[in-house]
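Got a predicted model here, sequence first, then my questions.
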Amino acid sequence: MDDPVSGYLAHLITQSVSLATQRASRSDIMHFCTWWETKHQQPLDLCQVVDRDLRDWKQQRQHVDGAAPATINRNLSTLRRSWR
């Protein structure tokens, strides 16, 4: 996993974020990483992620995975926060 992402997850622990939020954040990030690595057949490089990737991933979450809009919004929010 990319260092900024690992750093973000470690930051959550130091900020007394609930265990449920920590687990959800890790799950959100890992889901995207797995999807991206499968699609691109290479390890995730945050510098290579483009808007099109996020749109494609969001579409898969909606139509293939059947995720609720609130879940998808949480996923995207986690990704935005972790990549600042």
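Happy to help now that I have it. Numbering: from 1, shown residues only.

Please report how far H40 lies from R74.
Computed as C-beta to C-beta, to the nearest Å, the H40 to R74 distance reads 24 Å. All C-beta spots, glycine's among them, are computed from the backbone N, C-alpha and C.

Mind checking which of the two has more residues around it?
R74 (17 against 13; other C-beta atoms under 10 Å).

residues touching the more buried one, list them.
24, 28 (C-beta atoms under 8 Å, 6 or more residues apart in numbering).

SS state for it?
The three-state label for R74, taken from DSSP: H, G, I helix; E, B strand; the rest coil, comes out as helix.

Run through the residues that contact the residue positioned nearest the centre of the chain.
The structure's the chain has its C-alpha centroid closest to I29; by C-alpha atoms, centre = their mean the separation is 2.8 Å. Contact analysis of I29 by C-beta under 8 Å, 6+ apart lists 1, 5, 8-9, 78-79, 82.

Write the ChimeraX selection for whichever of the residues you listed are buried.
The buried residues among these can be selected in ChimeraX (16 or more other C-beta atoms under 10 Å) with this line:
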select :5,8,9,78,79,82
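
where's the dip in pLDDT among the contacts of I29?
Among those, M1 has the lowest pLDDT, at 54.
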